[in-house]
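Asks: Output the structure for:
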Amino acid sequence: MKELHKCLSSLRTLQQEGTYRRKKYLEEKEFIQYCKSVKLDITEHNLKEFSKQNLIYSYCSQKDSNSNEKNYYARWQIFKIYELLNSSFESNIINFKPFFQTILDYMMIERLLYDEAFVVAKDETNSTIIEGENLEQLNKKIEEKSKKNYNEHSYKDWIKFIRKLVELYKNYLNIEKYLLAYEVKIFLTATVNLIINAKEKDFNQLCTDFDGTPSSLEQEEDGVTFRSGDLKRIYPDEMEMAIEQFRISFKNIANDTKIEELIEFLQSQNLEYIFLHIYDIEKIWFNREQHWERKLWAYMRSLVIGIEFYSKKISSCCYLGDVHLFLDFASTNTLNKPPKCIGLKRINNKKSISSHLGKDKIGNAESFEEYIEKLNLLIEASKKFDDPYKDEYFYHIFYLTRNFFAHNIKVDNQLIGSIFYYVYESLKKVLLEIYKKSLIKS
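Replies: Next up, the predicted model:
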């Protein structure tokens, strides 16, 4: 895992520098430096020997002022270099040389077109934002270039090339060559974009053509091994993944029919960000990468604010000072007991849960310590079978968390664990209950 983080760090450095991205060919010393940036230990002597044996190709050979020959190499040849340095790894990538050349040409021109558009934006608006007519012209030029490059090969052969790149990408990942996998993905992304721009196919159509005959088993065609769904797994639709995770997450508090109704409702109200917040929280919770605790509570804060906005949008929820109004369906509610709907009429009233728990203003906390103290009171009370307010505590947990998170960014990591679970489950229950009550209202 440490090695992976080192690789990713190197990737970010290489990407930020953008040293080689505008060049179709690299001079010999540049190419060697490029090889070393992806952990390929090659010398100038090795490179010359490979060239003499026609194992790799040099381009645009020139003589410098001292009549020394200068050779240039294409970036994609690092994949062949790795193969030459590791005899046990065989990819036959050299057979796809014409496709790499086409993609390199497309990538270089696209980058130059963007640079040109940035210059125009800077001159006309003193900004680096490409918009308006400038953006239209840029898109038109890229489309024209895409069609020209695309027509150099048949669509069937383009699909074969994509399958080969996916095969190579997976093989590099399997042997933990993350930097090389990253470089393959650059070519793969450019190829996908070129075909979509030129062929006017959307990504889903391209994935269908990539898959061929649907099968859960590996397939082989024209010497290339692939599996249906591989391309989509490399470029997943995060919203689709988020909705599926939403279904799984809510199974413990709602039946399948109610979950599907809630999903459809959130989509109809343009509230899809709720799916993404749930997805991000659970992805961080289960994967636990570096600094996951900070990220977890950042996304939790987003979910709390998101649910608040959601309740306002569909429930006519509003604030009047310390009075928090949600939906109110019960006509006989008293101040002794909160209404069994979407929350409390007066959280701070002396006859409400605040007095029941022996704490003033149970819905507010000015410090982290006060937040934890009140949260523990609510959690412990919610576990008591005979507590008169048992079914209402998760609203209070939501309200307390909303108020604390709205005014505090830094959260102590001691919240990770069972406390986090109760807070998170309370937010999910509030989300579901608001939807149920909105049905009653309508």
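Asks: At which residues are the helices of the stretch 151-300 of the chain located?
Replies: All helices of the stretch 151-300 of the chain, identified by DSSP state H, counting those that start in this stretch, fall at 155-174, 178-199, 203-211, 230-234, 238-250, 256-268, 273-287, 292-315.
Asks: out of those, nearest to His45?
Replies: Counting by C-beta to C-beta, His45 lies closest to helix 178-199 out of these; the figure is 22.2 Å. C-betas here are computed from N, CA, C, even on glycine.
Asks: pLDDT wise, what is the residue nearest to Ile307 when sequence neighbours are not counted at?
Replies: Among residues not flanking Ile307 along the chain, Leu431 sits closest, at 5.6 Å (C-beta to C-beta, 6 or more residues apart in numbering). pLDDT recorded at Leu431 is 87.
Asks: likewise Asp386?
Replies: Asp386 is assigned 67 on the pLDDT scale.
Asks: Show me which helix or strand of this protein is least confident by mean pLDDT.
Replies: None of the helices or strands of the chain scores lower by mean pLDDT, DSSP states H and E than strand 318-320, at a mean of 33.
Asks: Let me see the domain layout of this protein.
Replies: 1-235, 240-441 (automatic domain parsing).
Asks: Which one of the ones you listed has the poorest average confidence?
Replies: Comparing mean pLDDT over those, the weakest stretch is domain 240-441, at a mean of 72.
Asks: need the contact list for Glu238.
Replies: With contact taken as C-beta atoms under 8 Å, 6 or more residues apart in numbering, Glu238 is in contact with Leu276, Tyr279.
Asks: picking up where we left off before, how far away is the residue nearest to Ile307 from Gly306?
Replies: According to C-beta to C-beta, to the nearest Å, Leu431 and Gly306 sit 9 Å apart.
Asks: shared neighbours of those two, anything?
Replies: Ile274.
Asks: Compare those two (neighbour count), which wins?
Replies: Set Leu431 next to Gly306 and count neighbours by other C-beta atoms under 10 Å: Leu431 wins out with 22 against 19.
Asks: ok, that one touching Tyr310?
Replies: Yes: with contact defined as C-beta atoms under 8 Å, Leu431 and Tyr310 form a contacting pair (7.1 Å).
Asks: between these two, what contacts are shared?
Replies: Taking C-beta under 8 Å, 6+ apart as the contact rule, Leu431 and Tyr310 both touch Ile274.
Asks: Just the buried residues of whichever helix or strand Ser51 is part of, please?
Replies: Ser51 belongs to helix 44-52 when assigned by DSSP states H and E. Of all the residues in helix 44-52, those buried under the rule 16 or more other C-beta atoms under 10 Å are Asn46, Leu47, Phe50, Ser51.
Asks: what's the spacing between the residue lying closest to the last one once chain neighbours are set aside and Ile281?
Replies: Setting aside the residues directly before and after it, Ser51 is nearest to Ser58 in space (C-beta to C-beta, 6+ apart), at 5.1 Å. The spacing between Ser58 and Ile281, counted by C-beta to C-beta, is 52 Å.
Asks: can you check Glu289 too?
Replies: Counting by C-beta to C-beta, the gap from Glu289 to Ile281 is 14 Å.
Asks: before we move on, what about Thr189?
Replies: For Thr189, the distance to Ile281 - C-beta to C-beta - is 28 Å.
Asks: which of the two has more neighbours?
Replies: Ile281 (23 against 15).
Asks: Chain neighbours aside, what residue packs nearest to that one?
Replies: Tyr299 (4.9 Å).
Asks: do Ala254 as well
Replies: Using C-beta to C-beta, 6+ apart, the closest residue to Ala254 is Leu432 (5.8 Å).
Asks: Now for that neighbour: which residues touch it?
Replies: Taking C-beta under 8 Å, 6+ apart as the criterion, Leu432 is in contact with Phe250, Ile253, Ala254, Lys258, Leu262.
Asks: for the closest residue to the fourth one other than its chain neighbours, phi and psi?
Replies: Spelled out, that is Lys258. Closest residue to Lys258 apart from its sequence neighbours, by C-beta to C-beta, 6+ apart: Leu432 at 7.6 Å. Main-chain dihedrals, Leu432, degrees, to the nearest 10: phi -70, psi -40.
Asks: what does Ile129 give?
Replies: Per degrees, to the nearest 10, the backbone of Ile129 is at phi -90, psi 120.
Asks: Now distance to Phe368 too, for the contacts of Leu432, in a markdown table please.
Replies: Converted to a markdown table, those look like this (distance: C-beta to C-beta, whole Å):
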| residue | distance to Phe368 |
| --- | --- |
| Phe250 | 29 |
| Ile253 | 28 |
| Ala254 | 32 |
| Lys258 | 35 |
| Leu262 | 32 |
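Asks: Mind checking which of the residues you listed are buried?
Replies: Using 16+ other C-beta under 10 Å as the burial test, the contacts of Leu432 include Phe250, Ala254, Leu262 as buried.
Asks: My read is that the first one contacts Leu427, right?
Replies: No: at 11.7 Å, Phe250 and Leu427 do not qualify as touching, with contact defined as C-beta under 8 Å.
Asks: OK, contacts around Tyr169?
Replies: Residues in contact with Tyr169 (C-beta under 8 Å, 6+ apart) are Ala181, Val184, Lys185, Leu188, Ile234.
Asks: same check, this time on Ala198
Replies: Glu143, Ser146, Lys147, Asn149, Tyr150, Asn151.
Asks: Who wins on neighbours among those?
Replies: Asn149 (24 neighbours).
Asks: any idea how far the spatially closest residue to that residue that is not a sequence neighbour lies from Asn71?
Replies: The shortest distance from Asn149 to any non-neighbouring residue, by C-beta to C-beta, 6+ apart, is to Tyr106 (4.5 Å). To Asn71, Tyr106 is 23 Å away according to C-beta to C-beta.
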